[in-house]
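# I'll drop the sequence and a predicted model, then ask my questions.
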Amino acid sequence: MTEAEVLKQLTPVFHDVFDDDSIVLSPEMTANDIEGWDSQTHVMLTVAAEQRFGIKFRTAELESLRNVGHFAQVISAKLEGK
Amino acid sequence: MDQLLWLAQHPDLGSAIGEAKREADPFTRLDLAAKLAGYRRDFTLTTRLDRLASEGLRALANGETTSSGLRPLRIALLSSHTVDHLVPAIRVAGLQRRLALSVHVAPYGMYRQALLMDDAELANFAPQLIVLALDARDAPLQLPLEASQADVDAAVGERVDELRLLWRRARERYAAQVVQQTIVPADPPIFGSFEALVPASPYALIDRLNAAIRAAAREDGVLLMDLAWEAARGSYGDGLAEPVRWHQAKQLVSPNLAPLYGDQLARIATASIGLSRKCLVLDLDNTLWGGVVGDDGVDGIHLGQGSPSGEAFLAFQRYAAQLARRGIILAVCSKNDLSVAEAAFNHPEMALKRSDIAAFVANWEDKAGNLRRIASMLDIGLDSLVFVDDNPAERDIVRRELPEVAVPELPDDVADYPARVAAAGYFEAVSFTSDDATRGRNYALNAERKAAMSQATDMEGYLRGLEMVLTATPIGAAELARSTQLINKTNQFNLTTRRYSEAEVERIASDPRCVALAIRLADKFGDNGLISVVLARPDEAIAADELLIDSWLMSCRVLGRQVEVAVLEVLINAANAAGYRALIGEYRPTERNGMVAEHFPRLGFVQHPAPADSTRDATFWRYEFTSPRTPNHYIEVSA
């Protein structure tokens, strides 16, 4: 799955976690761009993404998920390796 | 992990939430959230439901009223790990049980400070339930691995003493019911199976600590959220905690499992205010036995030893019988001819006997109507019923017609029925008394009394013939649990419907200016147990020689027997002895207590102006001890 495809599938995950269907994701978006993206929702986001894509983030990877682009990158790489 | 398997599957819960969000009125959204909370849901959907409800819940907490019928309850979470992510799931599980929960989370790791020092925020919140959620990494017992059992016991004792101090403070400071979470082992074994043979190994330490916590909780009237036991039973699948969540966010319970955790806490909250379910209603064919008794005959049904499926049905019957033994009422609701259905109970392998069934309804009418009949036969609400039926279509109809009735989704195999009914947590308890153990028999006896009444030609003769003996005692340690239970679950014969925790009842009972009575009634058929409670206290709004009847309630089992007349007599004597000269009665109408609207005038009370700060609909009544005596009764009173 390409990063663009991952981004597309990541969108409903963000919609659910932030309960906001108007969110449009772009790779450079960070926590500052989305209301309610704090450390608490960050955990929710990682868990929801794990569920959506059937993957597990390694503890070390969690620190790199600072923007949407990285998120998609890590997920895409994991799916490649599957 | 799949969780909440007993809840029905919604075809598209996500879209339903999205649609509900568009409702403009917060209370409409709240009602929809409460309805949708009854469907199977993962943590994301659960969190969205919480958002859907949040504005309505906040308005309720701020004192606005609605007709939603949700019971407000305030829970404080004091924890040594992160619990914020569990709060939405707790609130949604509350909604599913018709509770409007306000949840206060004390700052992470500050549970001691919250209880030992003045925590203004917590005091302001006035929690009714305080949950102490501690974990193995918090204040570990520092012992060398080679420490002896005696050293371990001393360290465990010290830790439990500290907990008991916290519990006491929670009661004294906030009059709150305490719920203590047991400690889930955090570390993998270092010895393997040998672990438990080394007194100071991490696992053995925690095992010992949990055992000591449970024993202390039993003594101190503290409730358990027995997470360690649930984890050991496998309720949480592979594991309650994922190490990565601990490292990432100090979460003991992984967010995926929040809905189950929330449910387990909400069921304890439900039980603490007496709203656990009371009655298990069972279908017959292919639920209690295999096959259809009407077609196959009593000899043709599958039940008992000899076939795997016969044994599985028997095991489910045995589970139901065990529930009956702890006080759950059993009923039957079946599409069958009554005589055919009853005859099946003569099958030699039946674990359940016909006499175990307090309400037996078998006919060809619709089940929703029959469930209504069962509730009224037993004088309990529809919201006290759990209906178990192997037929998905019947389950579906009942859910639609009677949303108050709990209808668990069932696994394909009856062998898994007992575990499923248990997992749903409908019958969570906060006490177990000898009255519970005999409740099933009491309901059966009541049926006999009703029969006796229809035979007796006159009421007076019937009442005399019952040979009733009433015993009233001040509420002491022995009566505390059952009295509190009755206070919290009685809806119909309840003048004020004030709910109190054990701690609050104890506070009134130990005040010499108050009168707190526990009343038992026996008759020639047997002991009815503790059937009525009266709490009376002085109040600033009335004269010093007047005693306010704060609470007066009675089990509907003994209705129509003039027990209340005898109780008034006892109350007058007790109040007189304490130096009072008159009683003030208060009636606060609710949806359920219409039957006692005329209670005070019937007993000879005269209407009295309501004090300034009383509830709007409440009426007040006065009874002077020199007034002419009330109606007759036929009960021997032994105080």
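Happy to help now that I have it.
# State the pLDDT value of B:Q455.
pLDDT, B:Q455: 56.
# Run through the strands of the stretch 101-250 of chain B in chain order.
Remark: strands assigned in the stretch 101-250 of chain B by DSSP state E, counting those that start in this stretch are B:129-133, B:177-181, B:223-225.
# For those strands, give me JSON lines that also has distance to B:W167 and mean pLDDT.
In this view, the C-beta of every residue, glycine as well, is placed from N, C-alpha and C. Listed next are the strands of the stretch 101-250 of chain B as JSON lines, based on distance: least, C-beta to C-beta, whole Å; pLDDT from 0 to 100:
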{"stretch": "strand B:129-133", "distance to B:W167": "8", "mean pLDDT": "97"}
{"stretch": "strand B:177-181", "distance to B:W167": "5", "mean pLDDT": "96"}
{"stretch": "strand B:223-225", "distance to B:W167": "10", "mean pLDDT": "96"}
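# For B:I487, find the nearest of these.
For B:I487, the closest of the strands of the stretch 101-250 of chain B is strand B:177-181, at 12.8 Å, according to C-beta to C-beta.
# Walk me through which strands the closest one pairs with, and which way each runs.
strand B:129-133 (parallel), strand B:223-225 (parallel) (DSSP bridges).
# what does chain A have sitting close to chain B?
Applying C-beta under 8 Å from any C-beta of the partner chain, we find that chain A lies next to chain B at A:16-17, A:19, A:21, A:39-40, A:43-44, A:46-48, A:51, A:57-59, A:62.
# Let me know which of the strands paired with strand B:177-181 is tucked in deepest.
Ranked by mean neighbour count under mean count of other C-beta atoms under 10 Å in any protein chain shown, the strands paired with strand B:177-181 are led by strand B:129-133, which reaches a mean of 25.
# measure B:K367 to chain A for me?
Remark: distance between B:K367 and chain A (C-beta to the nearest C-beta, to the nearest Å) = 37 Å.
# Check what contacts the worst-scoring helix or strand of chain A on mean pLDDT and list those residues.
Lowest on mean pLDDT, DSSP states H and E among the helices and strands of chain A sits helix A:59-62, with a mean of 86. Helix A:59-62 is contacted from outside by A:46, A:74, B:243-244, B:247-248, using C-beta atoms under 8 Å, 6 or more residues apart in numbering or on different chains.
# Report the distance from the helix or strand that it is followed by to the chain centre.
Counting by DSSP states H and E, the next helix or strand C-terminal to helix A:59-62 is helix A:68-80. Between the centre of helix A:68-80 and the centre of its chain there are 8 Å (C-alpha atoms, centre = their mean, to the nearest Å).
# Now the lengthiest helix in chain B: buried residues?
Longest helix of chain B, by residue count under DSSP state H: helix B:149-174. The neighbour-count check on helix B:149-174 (16 or more other C-beta atoms under 10 Å in any protein chain shown) flags B:152, B:155-156, B:159-160, B:163-164, B:166-167, B:169-171, B:173-174 as buried.
# Near chain A, list only the ones from these.
Applying C-beta under 8 Å from any C-beta to the buried residues of helix B:149-174, none is adjacent to chain A.
# Quick check: the gap between the residue lying closest to A:L79 once chain neighbours are set aside and chain B.
Spatial nearest neighbour of A:L79, chain neighbours left out: A:M1 (4.9 Å); criterion: C-beta to C-beta, 6 or more residues apart in numbering or on different chains. From A:M1 over to chain B the distance is 21 Å, taken as C-beta to the nearest C-beta.
# OK, contacts around A:M1?
By C-beta under 8 Å, 6+ apart, the neighbours of A:M1 are A:9, A:75-76, A:79-80.
# Return a ChimeraX selection command for the buried portion of those residues.
Here is the ChimeraX command that selects the buried residues among those (16+ other C-beta under 10 Å):
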select /A:75,76
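# which one of the contacts of A:M1 is nearest B:E624?
B:E624 lies nearest to A:Q9 out of these, by C-beta to C-beta, at 77.4 Å.
# Domain ranges for chain B, per the record?
B:71-272, B:279-423, B:457-638 (automatic domain parsing).
# how about JSON lines for these, with distance to B:A53 added?
Listed next are those as JSON lines, based on distance: least, C-beta to C-beta, whole Å:
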{"stretch": "domain B:71-272", "distance to B:A53": "6"}
{"stretch": "domain B:279-423", "distance to B:A53": "17"}
{"stretch": "domain B:457-638", "distance to B:A53": "22"}
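# which regions of the chain sit below the pLDDT cut-off?
This is for chain A. Filtered on pLDDT under 70, chain A yields the residue ranges A:82.
# look at chain B instead
B:1, B:440-441, B:444-445, B:447-458, B:629-630, B:639.
# Tell me which stretches of chain A form helices.
Using DSSP H, helices in chain A cover A:3-18, A:39-53, A:59-62, A:68-80.
# Centroid-nearest residue for chain A?
Among the residues of chain A, the one closest to the centroid is A:F71, at 4.6 Å (C-alpha atoms, centre = their mean).
# That one contacts A:A49, doesn't it?
Yes - judged on C-beta atoms under 8 Å, A:F71 makes contact with A:A49 at a distance of 7.1 Å.
# would you say B:P512 is within a strand?
No - B:P512: not assigned to a strand; according to DSSP: H, G, I helix; E, B strand; the rest coil it is coil.
# residues contacting the closest residue to it other than its chain neighbours?
Leaving aside its sequence neighbours, B:P512 sits nearest to B:A578 (C-beta to C-beta, 6+ apart; 7.6 Å). B:A578 makes contacts with B:512-513, B:515, B:547, as judged by C-beta under 8 Å, 6+ apart.
# same deal with B:V332?
B:281-284, B:341, B:357, B:359-362.
# Over to B:A133?
B:77-81, B:83, B:181, B:225, B:252.
# ditto for B:D283
B:332-334, B:387-391, B:394.
# Next: B:L45.
A:16, B:13-14, B:17.
# A ChimeraX selection for those, restricted to the buried ones, would help me check which they are.
Buried residues within the contacts of B:L45, by 16+ other C-beta under 10 Å, are selected in ChimeraX with:
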select /A:16 /B:13,17
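# Now, the contacts of B:L45 that are in helices?
Counting by DSSP H, those place A:16, B:13-14, B:17 in helices.
# Nearest to B:A324, out of the helices of chain A?
Of these, nearest to B:A324 by C-beta to C-beta is helix A:39-53, at 40.8 Å.
# Buried residues of the closest one, list them for me.
A:41-50, A:52-53.
# Name the residues that touch it?
Under C-beta under 8 Å, 6+ apart, the answer for helix A:39-53 is A:6, A:9-10, A:12-14, A:16-18, A:31, A:37, A:55-57, A:62, A:65, A:71, A:75, A:78-79, B:42-44, B:47, B:84-85, B:245, B:248-249, B:251, B:254-256.
# count of neighbours near B:S551?
24 (other C-beta atoms under 10 Å in any protein chain shown).
# And for the one 10 residues further on?
Other residues near B:R561 number 25, with proximity taken as other C-beta under 10 Å.
# Not counting sequence-adjacent ones, nearest residue to it?
B:L463 (6.2 Å).
# Which stretches in the stretch 501-639 of chain B count as helices?
Secondary structure of the stretch 501-639 of chain B (DSSP state H, counting those that start in this stretch): helices at B:502-509, B:563-577, B:599-602.
# So for B:L382, which of those sits nearest?
Going by C-beta to C-beta, the one of these nearest B:L382 is helix B:599-602, 24.5 Å.
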